[in-house]
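A.B. asks: below are the sequence and a predicted model; questions follow.
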Protein chains: 2
Amino acid sequence: MAGIAALVGDPARASMLAALMDGRALTATELAAEAGVTPATASGHLGKLTGSRLVTPTAQGRHRYYRLASREVARMLEGIMVVAGEPLVRGRRTELRIDPDLRFARTCYDHLAGRLGVALTSSLVSRGAVELRDGAGQVTPSGERLLADFGIASESALRSRRMYCRPCLDWSERRTHLAGVLGAALLERLLELRWIERSAAGRAVKVTSAGRRGLQARFGVELPRESRP
Amino acid sequence: MAGIAALVGDPARASMLAALMDGRALTATELAAEAGVTPATASGHLGKLTGSRLVTPTAQGRHRYYRLASREVARMLEGIMVVAGEPLVRGRRTELRIDPDLRFARTCYDHLAGRLGVALTSSLVSRGAVELRDGAGQVTPSGERLLADFGIASESALRSRRMYCRPCLDWSERRTHLAGVLGAALLERLLELRWIERSAAGRAVKVTSAGRRGLQARFGVELPRESRP
DNA sequence: GCTACACTTCGGCGCGGACCGAAGCGTGGC
DNA sequence: GCCACGCTTCGGTCCGCGCCGAAGTGTAGC
């Protein structure tokens, strides 16, 4: 355990892992810039991360793309972020300094997070579509119909996967949002419908006006008006 | 994030945190033995863990008990263990040499302690009858009804006392049990019902067969079969 | 009072590892 | 063929921190 934690415990490696949290694959040079170190140093770090199976490389031409090795790794990093984000001063509610766009809606590895992710999950739970507890989740029969109507087929291929539906703790909202295969399918469908759009860089996600209407109509999700400067 | 992970990244601190994963509170010396370092080194580690709110100390006499600070911390450690591939619950190395009878059930000043005390308290908390945190406690409205049914009147005289309901750290189980005026009232009532009996000498307490049935029926307390020679 | 014990603080030692520059492979473009 | 570029490997420096022994503080028991 100490070995794994020590890998994350270095600031440069932590920056790299944080940058990979959106599930994308980044090149060694990009990760070096992200961590603020030279390519030589970054290469050493990536070698260690690869050796411990935290990230996996993909050679492509003269680039090497690195991505997080598994969902478990992403989940572990989220867990660390939750603890790291807690205020050190007890009793005082120190407001978290988080990019508002990121807090509003973002991807968490392969699924939705932020206010949007939490609100959507909350809606699904309150409507009895899914049940979440103790790190496990389940889709109800009515939930399957609702999801099917939305264009997410509950194929046996999906159902057979271990973690079809599971909760994930949101580090900015401190509430659970939906992860697992179902969470990934929801994100994909929302992108497909153009209800949300990935931002050019980073994990932030933008809700389109069609998405705002659709989320309200179909899921009863009331999103706060976006405050734009 | 790197700072938190770095704390877990040290082998000695990781051993300590792993030893605390079962929710018990251990002394500094016990944690030092667990980590295989001197008390001096352990003290430094525990100072850092406390400063970052990963563990919280509880001073009791000339001992200092340390426990994990929150559920989030336990969850984080679990996430790291999953990636590290270690078993979630490690074998306990520090075996406690305590008289089994005393450990099973005893009085702690004027209230119940030992397995019975912890189990009863745990039951009351999980049923939402009482809430314990940070050295203070509170009886919920539903808890008052439950206690009244059991024959413990929530008289204003009792309520007016400062410490009507408070947690107390159990030295044999290393978990909190119920103390305060309510804890004393519970002990008295259990004796009155002859669900428990004081032993002739010492603080040990014996559970009668009627008590075993009653505790199971009313509080859902499952007591392990007493192993008698 | 004294002693025993639990724990912390202080000072100093020593190892591990993060970092960089320079050089060494590959790949791709000209 | 050549050069440009991405990335890795190699040496060497240096800071951080884990570690301990010894001394100091506080509590419990006689």
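C.D. replies: Right, received. Where do you want to start? Just so it is clear, the structure is predicted and the values come from calculations on it, not from any experiment.
A.B. asks: okay, CA-based contacts and neighbour counts for the rest of this
C.D. replies: OK.
A.B. asks: list the contacts for A:M16?
C.D. replies: A:31-32, A:34-35 (CA atoms under 8 Å, 6 or more residues apart in numbering or on different chains).
A.B. asks: scan those residues and report the most crowded one.
C.D. replies: Neighbour counts for the contacts of A:M16, by other CA atoms under 10 Å in any protein chain shown, peak at A:L31, which reaches 26 neighbours.
A.B. asks: which element, helix or strand, includes that residue?
C.D. replies: helix A:28-35 (DSSP states H and E).
A.B. asks: hmm, that helix in reach of DNA strand D?
C.D. replies: Yes. Helix A:28-35 reaches DNA strand D (CA under 7 Å from any atom of the strand) through A:28-30.
A.B. asks: for those, which one is nearest B:L223?
C.D. replies: Closest to B:L223 out of the residues of helix A:28-35 next to DNA strand D is A:A28 (57.6 Å), distances taken as CA to CA.
A.B. asks: what's the neighbour count on the closest residue to A:K48 other than its chain neighbours?
C.D. replies: Once flanking residues are discounted, A:K48 sits nearest to A:L7: 7.8 Å by CA to CA, 6 or more residues apart in numbering or on different chains. Neighbours of A:L7 under the rule other CA under 10 Å: 21.
A.B. asks: doesn't A:L7 lie inside a strand?
C.D. replies: No. The assignment for A:L7, made by DSSP: H, G, I helix; E, B strand; the rest coil, is helix rather than a strand.
A.B. asks: quick one: residues contacting it.
C.D. replies: A:13-14, A:48-49, B:9.
A.B. asks: could you dump the contacts of A:M16 to a markdown table with distance to A:M1 and pLDDT?
C.D. replies: Shown next, in a markdown table, are the contacts of A:M16 (distance: CA to CA, whole Å; pLDDT from 0 to 100):
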| residue | distance to A:M1 | pLDDT |
| --- | --- | --- |
| A:L31 | 25 | 94 |
| A:A32 | 26 | 95 |
| A:E34 | 26 | 93 |
| A:A35 | 24 | 95 |
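A.B. asks: and DNA strand C, which of those reach it?
C.D. replies: Checked against DNA strand C using CA under 7 Å from any atom of the strand, these yield no neighbours at all.
A.B. asks: reformat these as JSON lines; add distance to chain B.
C.D. replies: Shown next, in JSON lines, are those (distance: CA to the nearest CA, whole Å):
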{"residue": "A:L31", "distance to chain B": "16"}
{"residue": "A:A32", "distance to chain B": "16"}
{"residue": "A:E34", "distance to chain B": "14"}
{"residue": "A:A35", "distance to chain B": "12"}
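A.B. asks: and whatever residue of chain A ends up closest to DNA strand C, how far from DNA strand D?
C.D. replies: Of all residues in chain A, A:G61 sits closest to DNA strand C, at 3.4 Å by CA to the nearest atom of the strand. Going from A:G61 to DNA strand D by CA to the nearest atom of the strand, to the nearest Å gives 9 Å.
A.B. asks: enumerate every residue touching A:R71.
C.D. replies: Here A:R71 is in contact with A:Y109 (CA under 8 Å, 6+ apart).
A.B. asks: next structured bit after the lowest-mean-pLDDT helix or strand in chain A?
C.D. replies: Scoring the helices and strands of chain A by mean pLDDT, DSSP states H and E places helix A:156-160 at the bottom, with a mean of 49. Going down the chain from helix A:156-160, the next helix or strand is strand A:166-169, by DSSP H and E.
A.B. asks: hmm, back to that, among the contacts of A:L7, which are in helices?
C.D. replies: A:13-14, A:48-49, B:9 (DSSP state H).
A.B. asks: nearest residue to the middle of chain A?
C.D. replies: Residue closest to the average C-alpha location in chain A (CA atoms, centre = their mean): A:C108, at 0.6 Å.
A.B. asks: test of understanding: give the bridge partners of it.
C.D. replies: As for beta bridges, A:C108 partners with A:H111 under DSSP bridges.
A.B. asks: isn't it up against A:R24?
C.D. replies: No. Using CA atoms under 8 Å, A:C108 makes no contact with A:R24, being 10.6 Å away.
A.B. asks: can I get the residues of helix A:28-35 next to DNA strand D in a markdown table including neighbour count, pLDDT and distance to A:P141?
C.D. replies: Formatted as a markdown table, those follow (neighbours: other CA atoms under 10 Å in any protein chain shown; pLDDT from 0 to 100; distance: CA to CA, whole Å):
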| residue | neighbour count | pLDDT | distance to A:P141 |
| --- | --- | --- | --- |
| A:A28 | 21 | 95 | 45 |
| A:T29 | 18 | 94 | 48 |
| A:E30 | 17 | 91 | 45 |
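A.B. asks: Throw these into TSV and include distance to A:R198, thanks.
C.D. replies: Converted to TSV, the residues of helix A:28-35 next to DNA strand D look like this (distance: CA to CA, whole Å):
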residue	distance to A:R198
A:A28	23
A:T29	23
A:E30	19
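A.B. asks: which of the contacts of A:L7 count as buried?
C.D. replies: A:13-14, A:49, B:9 (16 or more other CA atoms under 10 Å in any protein chain shown).
A.B. asks: then A:R194 would be within a strand, right?
C.D. replies: No. Going by three-state DSSP, the assignment for A:R194 is coil, not a strand.
A.B. asks: from A:V205, how far off is it?
C.D. replies: Distance from A:R194 to A:V205, counting by CA to CA, to the nearest Å: 11 Å.
A.B. asks: check the closest residue to A:T29 other than its chain neighbours and give its pLDDT.
C.D. replies: Spatial nearest neighbour of A:T29, chain neighbours left out: A:P39 (6.0 Å); criterion: CA to CA, 6+ apart. Per-residue pLDDT puts A:P39 at 95.
A.B. asks: then the one 5 residues further on?
C.D. replies: On pLDDT, A:G44 comes in at 96.
A.B. asks: what does chain A put close to DNA strand C?
C.D. replies: Counting by CA under 7 Å from any atom of the strand, the residues of chain A that sit close to DNA strand C are A:7, A:10-12, A:36-38, A:40-42, A:45, A:60-62.
A.B. asks: write out the residues of chain A neighbouring DNA strand D.
C.D. replies: Residues of chain A lying near DNA strand D (CA under 7 Å from any atom of the strand): A:27-30, A:39-44, A:46-47, A:62-65.
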